[in-house]
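Quick one, what's the 3D model for this:
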Amino acid sequence: MAEGDNNSVYQLAAETSSLEEQLQGWGEVILMTDKVLRWERAWFPLALMSVVSFSFLMIYYLDPSVLSGVSCFVMFLCLADYLVPALAPRIFGSNKWTTEQQQRFHEICRNLVKSRRRIVGWWKRLFTLKEEKPKMYFMTMLFTLAVVAWIGQQVHNLFLTYLIVSFLLLFPGLNQHGIITKYIGMAKREINKLLKHKEKKNE
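Just a heads-up that it's a prediction; the model follows:
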């Protein structure tokens, strides 16, 4: 293994260890959330979508202003940050952690670090594209933002947010149970059939 690879692995381990320390108070909640998101029980998806749907229905019913909504959301985060580390050990019993739970917590933190690195990498590549190919960067950004703006005009903001949040929360379970892979494979087969059919027509 090259020296650069060794440094990268060491840095990843150090960042993972640091994140584990930061999230230690949230460990029990993170493990429970992980079980729900990966659909370890058959009723988890239904419960998850029920909570999300109820939350968005309440937002729709109360119709808060942007300032009120942001303030309430930040207030909720502050309360959770204060109460969860104090109450979680009493509710879940952190002293009963098994080796398997500790390993899973480590994997989750490692995956979070990798995801953060990917996002930073994409951000850096975007700025690299801006410096090396400014015209392509300009056209790509204009086209992407125009499409997003058009979608925003066609679909209600709250409903669009609901769809995005629902997809993000269901994605780990869909991926875990191979549903995404299954439908991607089906889409690829259909596309290949259409291409072959088109080639036969051209012949």
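
could you pull out the helices for this protein?
Assigned by DSSP state H, the helices in the chain fall at 3-22, 27-37, 44-62, 66-92, 99-132, 134-154, 157-176, 179-202.

and among those, the most buried is which?
Using mean count of other CB atoms under 10 Å, the stretch among the helices of the chain with the largest mean neighbour count is helix 27-37, at a mean of 17. In short, each C-beta sits where N, CA and C put it, glycine included.

Report all helices and strands that that helix contacts.
Contacts defined by 3 or more CB pairs under 8 Å, 6 or more residues apart in numbering; DSSP states H and E place helix 27-37 against helix 44-62, helix 66-92, helix 99-132, helix 157-176.

Now it: average pLDDT?
Helix 27-37 carries an average pLDDT of 90.

related to what we said a few turns ago, and the helices and strands packed on helix 27-37: which comes nearest L195?
Proximity of the helices and strands packed on helix 27-37 to L195 was assessed by CB to CB; the nearest stretch is helix 157-176, lying at 26.7 Å.

Give me the contacts around the closest one.
Residues from elsewhere that reach helix 157-176, judged by CB atoms under 8 Å, 6 or more residues apart in numbering: 37-39, 44-45, 48-49, 52-53, 56, 59-60, 151-152, 155, 180-181.

most centrally placed residue in the chain?
The centroid of the chain falls nearest to L168 when counting by CA atoms, centre = their mean (5.3 Å).

Among the helices and strands packed on helix 27-37, which comes closest to R189?
Ranking those by distance to R189, with CB to CB as the measure, places helix 157-176 first at 18.9 Å.

Tell me where the model's unsure across the protein.
Low-confidence segments of the chain, defined by pLDDT under 70: 1-6, 93-96, 198, 200-203.

and K193, which of the helices and strands packed on helix 27-37 is closest to it?
helix 157-176 (24.2 Å).

got the angle for the closest one vs helix 44-62?
170 degrees (axes from the mean of the first three to the mean of the last three CA atoms, to 10 degrees).

Numbering from 547 from now on, please.
Okay, using 547 as the starting number, the last item reads as helix 703-722.

Give me the angle between helix 703-722 and helix 680-700.
Going by the same axes, to 10 degrees, helix 703-722 is angled at 110 degrees with respect to helix 680-700.
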